[in-house]
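Q: With the input below, show me the fold.
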Amino acid sequence: MWDWILWIVLGAVAGWLASIIMGRSGSQGLLMDIIAGIVGAVVGGWIVGLIGWGPADGFNLYSLLVAVLGAVVVIWVLRLLMPGKKA
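A: So this is what the prediction gives:
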């Protein structure tokens, strides 16, 4: 149970940091930060796998950075798909 809570917290932090990087801080809300962070972790894991870096496993700084990278990509793609919404 605690693992799930820790991963949600990591997702929230990653999504929040990505929203700051992408200039969306405060406008998308906590739930969207969590979703962007969790989806971003999956996308970031896929990206670092393509690059050939090691997998992001565990609750650590590397996993957070991978999740932030992925969340930035997710927000960027959403902006491309929904230009009027400013995702």
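
Q: rest of the way, CA atoms for contacts and neighbours
A: OK.

Q: What's the biggest helix in this structure, counting residues?
A: For the chain, the longest helix by residue count, based on DSSP state H, is helix 29-51.

Q: Specify the local secondary structure of P55.
A: The three-state assignment at P55 reads coil, by DSSP: H, G, I helix; E, B strand; the rest coil.

Q: swap in the one 4 residues further on?
A: Under the three-state scheme (three-state DSSP), F59 adopts coil.

Q: what's the answer for the one 10 residues further on, then?
A: Classification of L69 into helix, strand or coil gives helix, according to three-state DSSP.

Q: Spit out the contact partners of it.
A: 18, 40-41, 44 (C-alpha atoms under 8 Å, 6 or more residues apart in numbering).

Q: Equivalent analysis for I38, please.
A: With contact set as C-alpha under 8 Å, 6+ apart, I38 has these partners: 7-8, 11-12, 15, 67, 71.

Q: Low-confidence ranges, the protein, go.
A: In the predicted model of the chain, residues 1, 25-28, 84-87 satisfy pLDDT under 70.

Q: any idea how far F59 is from W76?
A: Distance from F59 to W76, counting by C-alpha to C-alpha, to the nearest Å: 25 Å.

Q: To clarify, my last question referred to V9.
A: 22 Å.

Q: A12 too?
A: A12 sits 17 Å away from W76, going by C-alpha to C-alpha.

Q: Then P55?
A: For P55, the distance to W76 - C-alpha to C-alpha - is 23 Å.

Q: number of nearby residues for G58?
A: Per other C-alpha atoms under 10 Å, the neighbour tally for G58 reads 11.

Q: and what of the one 10 residues further on?
A: Look at V68: counted by other C-alpha under 10 Å, it has 30 neighbours.

Q: Over to L64?
A: Using other C-alpha under 10 Å: L64 sits among 25 other residues.

Q: and the helix or strand hosting it with helix 29-51, angle?
A: Here L64 sits within helix 61-81, counting by DSSP states H and E. Counting by axes from the mean of the first three to the mean of the last three C-alpha atoms, to 10 degrees, helix 61-81 lies at 100 degrees to helix 29-51.
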